[in-house]
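>>> sequence and predicted structure below; questions after.
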Amino acid sequence: MWKLAAAGVTALFVTASPVAYAQSAFETHDRLNASELNALTDQRIDLVKGALQLTPDQEKYWPAIEEAIRNRAKNRQARIQKIVETVGAKVCRTAIR
């Protein structure tokens, strides 16, 4: 009898905890705003440029590289925003039921 009760309680915790964690993580997660994301991208670009130690001949190629980094960051943020909207809609539909 005790083994059955222990198995039941274990099953309850195993199935309920990921759902509870997912909801709390979704609701309380702070998002960066656009200016903070732009500042972070600028810092990443400065870090990459400093780490590369470009020669004067290589400097002429830097604007294209910087543009590619900025485009990738913008596309990544758009993908994340779409995921947030999709997951948020699913969470709201699930909570309504």
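That came through, no problem.
>>> which helix is the longest one in the protein?
Counting by DSSP state H, the longest helix found in the chain is helix 62-96.
>>> give the buried residues for that one.
66, 69, 73 (16 or more other CB atoms under 10 Å). To be clear about C-beta, it is placed using only N, CA and C from the backbone, and glycine gets the same treatment.
>>> how about stretch 32-45?
Buried, per 16+ other CB under 10 Å, within stretch 32-45: 37, 41, 45.
>>> what are the contacting residues of that stretch?
The contact list for stretch 32-45 (CB atoms under 8 Å, 6 or more residues apart in numbering) reads 66, 69, 70, 73, 77.
>>> mind listing what the fourth one touches?
The one in question is residue 73. 37, 41, 44.
>>> likewise the second one?
With contacts taken as CB under 8 Å, 6+ apart, residue 69 has the following neighbours: 41, 44, 45, 48.
>>> if we use 6 Å, what do you get?
Residues in contact with residue 69 (CB atoms under 6 Å, 6 or more residues apart in numbering) are residue 45.
>>> give the next helix or strand downstream of the helix or strand residue 35 falls within.
Per DSSP states H and E, residue 35 falls inside helix 34-52. Where DSSP H and E defines the elements, the next helix or strand beyond helix 34-52 is helix 56-59.
>>> ok, how many other residues are close to residue 57?
Residues within reach of residue 57, counting by other CB atoms under 10 Å, total 7.
>>> against residue 75, how distant is it?
Separation of residue 57 from residue 75 (CB to CB, to the nearest Å) stands at 30 Å.
>>> what does residue 83 give?
Residue 83 sits 13 Å away from residue 75, going by CB to CB.
>>> residue 85 now?
Relative to residue 75, and taking CB to CB, residue 85 is found at 16 Å.
>>> ok, back up a step: let's have the contacts of stretch 32-45 in a markdown table, adding distance to residue 52 and pLDDT.
Shown next, in a markdown table, are the contacts of stretch 32-45 (distance: CB to CB, whole Å; pLDDT from 0 to 100):
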| residue | distance to residue 52 | pLDDT |
| --- | --- | --- |
| 66 | 11 | 95 |
| 69 | 12 | 94 |
| 70 | 16 | 95 |
| 73 | 18 | 93 |
| 77 | 24 | 91 |
